[in-house]
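J.: Only the shape, not the letters, is given here:
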């Protein structure tokens, strides 16, 4: 099987690059903090978030001719960018990483080819394309379930169209419950939008802050259960599966 990578829409084959090997850690690095207490054996663990993941790719560039060598090497500059872009590798073609080439690299030159290693500094999670689930005509407190193929939690966007007026609304996703207690009744047909990534809550596009309590919902790996305390015309759940 031919190995390849794609970065920012540019395939390795487009630059006459042959991939020899991927070096990718199974997990991103942990940034756990340990506190040592005088008089106590061992230490206290304060778990932290993941740090970035480094993916190294050993490559050959195959020159079309000795005369074109310098021009084809200059084409490698297309891989350098100031922003993070999508990195896809042939070992995992169904997901992508947000990555940036972390440093320049030296070419070990030969007559018809050169070897080199690309080092990409990536966000810790591999990402799949966005998933969307739509549920229609849901009764109050009716359970709806959906499956997340990711292996780590994701932060969803949830859109709810009310089928009845409300004076209070709770949205429970697995173990997290977010409660909305409006100052005045919210009419049937109103659109409620929740974004757990930026912690925003809107009613008919108007931001709400003070009338909220509880925790913003999180999509877990595997099966998820959503319960809304009011009848709804429809519920849309969008999230991006993440893989450790």
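T.: Perfect, I can see it now. Values in this document were obtained by computation on a predicted structure and should not be read as measured data.
J.: can you give me the mean pLDDT across stretch 184-200?
T.: In this model, stretch 184-200 has a mean pLDDT of 96.
J.: As a quick check, tell me the outermost residue of the chain.
T.: Within the chain, residue 67 marks the point farthest from the mean C-alpha position, 43.3 Å out by CA atoms, centre = their mean.
J.: if I've got this straight, it is in a strand?
T.: No: applying DSSP: H, G, I helix; E, B strand; the rest coil, one finds residue 67 to be coil, outside a strand.
J.: pLDDT below threshold where in this protein?
T.: 30-34, 45-48 (pLDDT under 70).
J.: Mind jotting down where the helices sit in the protein?
T.: 69-74 (DSSP state H).
J.: In contact with residue 182, which residues?
T.: Neighbouring residues of residue 182 by CB atoms under 8 Å, 6 or more residues apart in numbering: 166-169, 203, 208, 211. (Each C-beta comes from the backbone N, C-alpha and C, glycine too.)
J.: For residue 187, give its distance to residue 135.
T.: Here residue 187 is placed at a distance of 21 Å from residue 135 (CB to CB, to the nearest Å).
J.: With neighbour numbers in mind, choose between those two.
T.: When residue 187 and residue 135 are compared for neighbours, residue 135 comes out ahead with 17 against 12, by other CB atoms under 10 Å.
J.: hang on, that one packs against residue 145?
T.: No: using CB atoms under 8 Å, residue 135 is not in contact with residue 145, being 9.7 Å away.
J.: any residues in contact with both of those two?
T.: With CB under 8 Å, 6+ apart as the test, residue 135 and residue 145 both reach residue 226.
J.: my read: residue 203 touches residue 185, true?
T.: No: counting by CB under 8 Å, residue 203 does not reach residue 185; the two are 11.4 Å apart.
J.: What's the local residue count around the residue nearest to residue 192 when sequence neighbours are not counted?
T.: Among residues not flanking residue 192 along the chain, residue 160 sits closest, at 4.4 Å (CB to CB, 6 or more residues apart in numbering). Using other CB under 10 Å, residue 160 has 23 neighbouring residues.
J.: Could you report the distance from residue 160 to residue 44?
T.: Using CB to CB, residue 160 is found at 42 Å from residue 44.
J.: likewise residue 224?
T.: From residue 224 to residue 44 the distance is 33 Å (CB to CB).
J.: Those two - which one has more neighbours?
T.: Neighbour count, other CB under 10 Å: between residue 224 and residue 44, residue 224 has more, with 22 against 10.
J.: partner residues bridging the more buried one?
T.: Applying DSSP bridges to residue 224 gives these bridge partners: residue 146.
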